[in-house]
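> My questions are about this predicted structure, shown below with the sequence.
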Amino acid sequence: MGKHKVEFKYYALLLGCIVVAFLLRVLPQLKIVFVNGNVLFKATDDWYHMRLADSMMINFPFPLRYDMYAAYPSGLDVGFRPLMDWIIAGIGRIGFNYEYVGAFLPPIIGALTLIPIYLLGRELFNKNLALLSCFFCAIVPSEFLHRSLLGATDNHILEVFLMVIVLLLIVVALRSGKLRYFLLAGLTLGLYCLNWHGGAFLFLILVLWFVIQFFIGTKNKNFCFGVSAMFGIAYLISFKFQYTSLLVPLLVVVFVPLVFYYLRNLPRWVLPALAGVGVVLAFLLFPALRVDLRSVFIGFGSTIEEARPLELPNAYAIYGVGLFLMFAGLYLYFKSKINTLFVVWAVVLIIAGFAQKRWGYYMIVPYSFLAAYSIFWMVDKVKKEARTMATVLFVFLTVCTFVKGTVGVARIPNLITNDWYGSLLWMRENTPEPFGSSDAYYSLHSEKPSYGVISWWDYGHWIIRIAHRVPVSSPANQEMKVASLYFTARTVEEANDVIKNLNIKYVILDVGMLAFKWYAVIIKSGENTPLQDSFAYKLWTGEAEGYKLVHKEGDVRIYEKQT
């Protein structure tokens with residue numbers, strides 16, 4: 001009976017963490033996301049996921065694979081993977097409001113992610129450390145909190161959920177020696193790849209772990225065949241949605257464990273040499289691998305805020321003293337008892353988290369485990385009767401160093417403003433259909449649009465989903481050259497020359513682009529044009545001949561190009 005009471009206590013505390021996590025992500029955002037009967041999603045990609053859900057609601061279960069709305073004039077392959085859209089539209093089609101489903105899905109998944117985090121922590125460490133890790137994951141103001149807020153309808157929080165389950169299943173497979181856990185890990189890894197176009201990232205971590213684990217002595221048949229089966233199942237599940245350039249490299253990864261097993265009796269230097277040669281050949285033969293690695297681990301010089309490196313002052317503002325506890329915990333764990341999978345995974349995610357801010361939604365998990373590990377290591381140095389109080393004190397001091405950031409992130413406003421939302425609704429209702437019919441927006445196959453809309457690329461997804469119009473560029477393709485050269489042109493004639501081969505009918509400007517984003521516009525154009533000398537400024541001040549201001553709403557203005 002006593003054992004059951006103890007178990008109940010831990011599950012009750014875990015439930016408490018889940019409830020706190022959910023309420024923290026929802027309550028401060030209710031009046032920000034739900035406005036006048038509308039659902040205003042948080043960031044730019046969230047709107048595009050809902051655009052895909054719009055299509056999925058009509059065409060379920062077939063995802064939109066090529067979107068003529070994504071970029072004028074030829075459209076684009078849809079780079080987003082369909083798992084989250086299947087979930088949103090699947091629930092929507094059984095009778096729920098799918099916009100509400102889309103808004104609530106991130107905080108629900110974010111809160112539920114604490115369950116596999118707890119189970120993984122219990123497997124790797126102990127129940128107390130697992131609970132403290134869940135608590136940190138719930139409240140630290142990292143990208144994990146940001147990306148799981150109400151209305152943050154992007155695929156990232158589902159990535160974390162699935163990644164932790166993959167690790168949990170592998171750890172259980174290694175402990176139990178049962179193949180079925182490797183097979184379940186393969187299924188989950190496949191879903192991870194169906195959720196995010198960068199799913200090869202987790203393949204990379206796992207194959208790196210396998211090679212290290214193999215060389216330090218785990219060469220048995222069940223291990224090698226289990227890992228190969230895991231990769232194979234994931235590959236088959238995600239094959240249809242993988243980038244063509246990655247199909248061969250990922251297929252090679254499927255067979256790496258088998259090759260290593262059958263060559264295990266060669267002289268010790270042969271396999272490392274073959275592995276090194278294989279890596280070099282992979283990067284020479286498949287340039288996409290170099291591009292993918294750069295996109296993950298190099299953020300210097302980027303004009304995209306989330307892709308910039310995480311500098312130490314910002315890191316401390318987010319993680320507080322837990323940042324130093326994380327590094328101390330990594331050292332202490334490495335020094336005492338090593339689970340190779342955890343170490344490889346944690347090190348890669350920490351490097352990625354500092355290389356680009358966005359990967360903070362991954363880094364929060366090893367951060368939480370390692371910070372908790374450091375705290376309990378210190379507590380163990382205290383007299384036994386004072387350990388509970390010491391734990392409370394260490395946790396309290398750690399939380400005090402980041403709690404202000406937690407409140408700030410929980411209350412963070414939407415990127416889209418009421419001015420933008422109203423202006424784009426106006427555009428949908430008062431400008432001609434670019435495809436001749438509003439039904440084209442929901443179609444899996446559309447003709448080319450008759451005209452395009454030009455604005456800065458950041459706003460493309462809003463233009464697509466709210467206005468049902470076709471931007472020249474959007475975050476789906478990040479093609480900024482046309483827009484940047486257009487806006488930095490010094491005369492109307494130069495601006496018109498940039499778009500002479502495009503039928504641009506409308507131009508959208510806002511104060512944010514002129515006041516805060518101009519540095520990015522001139523960087524992408526290669527022209528160091530002062531704002532006051534630019535075509536964008538002439539347009540804003542009404543000095544651009546041939547352009548008519550047709551709508552003004554707060555900080556947003558829509559111009560029509562006269563023919």
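Arrived safely, thanks for sending.
> Isn't residue 307 up against residue 355?
No - contact between residue 307 and residue 355 fails when scored by Cβ atoms under 8 Å: they sit 9.1 Å apart. Bear in mind the C-beta positions are built from the backbone N, C-alpha and C, glycine included.
> ok, and the helix or strand in the chain with the lowest average confidence?
helix 287-297 (a mean of 70; mean pLDDT, DSSP states H and E).
> Spell out the residue ranges of the helices in the stretch 201-350 of the chain.
221-238, 244-262, 270-285, 287-297, 312-319, 322-336, 340-355 (DSSP state H, counting those that start in this stretch).
> I'd like to know which of those helices lies nearest to residue 415.
Each of those has some distance to residue 415 by Cβ to Cβ; the shortest is helix 312-319, at 19.0 Å.
> For the closest one, which residues meet the burial criterion?
Neighbour counts over helix 312-319 (16 or more other Cβ atoms under 10 Å) mark 315-319 as buried.
> Please tabulate those in JSON lines, including the columns distance to residue 58 and pLDDT.
Output for the buried residues of helix 312-319, formatted as JSON lines (distance: Cβ to Cβ, whole Å; pLDDT from 0 to 100):
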{"residue": "315", "distance to residue 58": "44", "pLDDT": "94"}
{"residue": "316", "distance to residue 58": "48", "pLDDT": "95"}
{"residue": "317", "distance to residue 58": "44", "pLDDT": "93"}
{"residue": "318", "distance to residue 58": "41", "pLDDT": "95"}
{"residue": "319", "distance to residue 58": "43", "pLDDT": "96"}
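> Name the nearest of those relative to residue 465.
residue 318 (29.8 Å).
> residues in contact with that closest one?
Counting by Cβ atoms under 8 Å, 6 or more residues apart in numbering, residue 318 makes contact with 140-142, 310, 360, 402, 405.
> just residue 476 next, same as before
48, 67, 70-71, 76, 78-80, 460-461.
> quick one, what contacts residue 366?
Neighbours of residue 366 in contact, by Cβ under 8 Å, 6+ apart: 326, 330, 342, 345-346, 349-350.
> quick one: low-confidence ranges for this protein?
Scanning the chain for pLDDT under 70 picks out the ranges 1-6, 288, 290-295, 297-303, 478.
> Mind telling me which residue is nearest the centre of it?
residue 156 (3.5 Å; Cα atoms, centre = their mean).
> surely that residue meets residue 361?
Yes - Residue 156 is in contact with residue 361 according to Cβ under 8 Å; the separation is 5.3 Å.
> Are there residues contacting both of those two? Which ones?
143, 147.
> ok so, going back, for the closest residue to the residue nearest to the centre of the chain other than its chain neighbours, what are phi and psi?
Ranked by Cβ to Cβ, 6 or more residues apart in numbering and with sequence neighbours excluded, the top spatial neighbour of residue 156 is residue 147, at 4.6 Å. Residue 147 has phi and psi values of phi -80, psi -10 when expressed as degrees, to the nearest 10.
> Please, which helix or strand holds the spatially closest residue to residue 350 that is not a sequence neighbour?
With Cβ to Cβ, 6+ apart as the criterion, residue 350 has its nearest non-adjacent residue at 5.8 Å, and that residue is residue 363. According to DSSP states H and E, residue 363 maps onto helix 360-379.
> next helix or strand past that helix?
Downstream of helix 360-379 (by DSSP H and E), the next one is helix 387-400.
> quick one, that next one and helix 312-319 angle?
Here the directions of helix 387-400 and helix 312-319 differ by 130 degrees (axes from the mean of the first three to the mean of the last three Cα atoms, to 10 degrees).
> Residues contacting helix 387-400, please?
132, 135, 139, 320-322, 325, 371, 375-376, 378-380, 382.
> switch the cut-off to 10 Å
Under the criterion Cβ atoms under 10 Å, 6 or more residues apart in numbering, residues 128, 132, 135-136, 139-140, 319-325, 371-372, 374-376, 378-383, 386, 403, 406 lie in contact with helix 387-400.
> Could you count how many residues lie near residue 433?
Number of residues near residue 433 (other Cβ atoms under 10 Å) recorded here: 16.
> Let's have the buried residues of helix 312-319 in CSV, adding distance to residue 180.
Listed next are these as CSV, based on distance: Cβ to Cβ, whole Å:
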residue, distance to residue 180
315, 40
316, 43
317, 44
318, 39
319, 37
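> Tell me the one among these nearest to residue 515.
residue 317 (24.1 Å).
> tell me the contacts of that closest one?
Per Cβ under 10 Å, 6+ apart, neighbours of residue 317: 141, 311, 323, 401-402, 404-405, 408.
> for the nearest residue to residue 333 once chain neighbours are set aside, what are its contacts?
Spatially, and ignoring its direct neighbours in sequence, residue 333 is nearest to residue 373 (5.7 Å; Cβ to Cβ, 6+ apart). Contacts for residue 373 (Cβ under 10 Å, 6+ apart) come out as 121, 124-125, 129, 132-133, 325-326, 328-330, 332-333, 336.
> Would you map the strands across the stretch 401-550 of the chain?
Assigned by DSSP state E, counting those that start in this stretch, the stretch 401-550 of the chain shows strands spanning 452-454, 504-510, 547-553.
> For the next helix or strand after the last one, buried residues please.
What it means is strand 547-553. As assigned by DSSP H and E, the chain's next helix or strand after strand 547-553 is strand 556-561. If you call a residue buried by 16+ other Cβ under 10 Å, then strand 556-561 has these buried ones: 556-559, 561.
> how far is strand 556-561 from where the chain is centred?
Here strand 556-561 is found 32 Å from its chain centre; the criterion is Cα atoms, centre = their mean, to the nearest Å.
> And stretch 223-230, what's buried?
Those would be 223-224, 226-230, for stretch 223-230 by 16+ other Cβ under 10 Å.
> Could I get the residues you listed in JSON lines, plus columns for distance to residue 96?
As requested, the buried residues of stretch 223-230 are arranged in JSON lines below (distance: Cβ to Cβ, whole Å):
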{"residue": "223", "distance to residue 96": "44"}
{"residue": "224", "distance to residue 96": "45"}
{"residue": "226", "distance to residue 96": "39"}
{"residue": "227", "distance to residue 96": "39"}
{"residue": "228", "distance to residue 96": "40"}
{"residue": "229", "distance to residue 96": "37"}
{"residue": "230", "distance to residue 96": "34"}
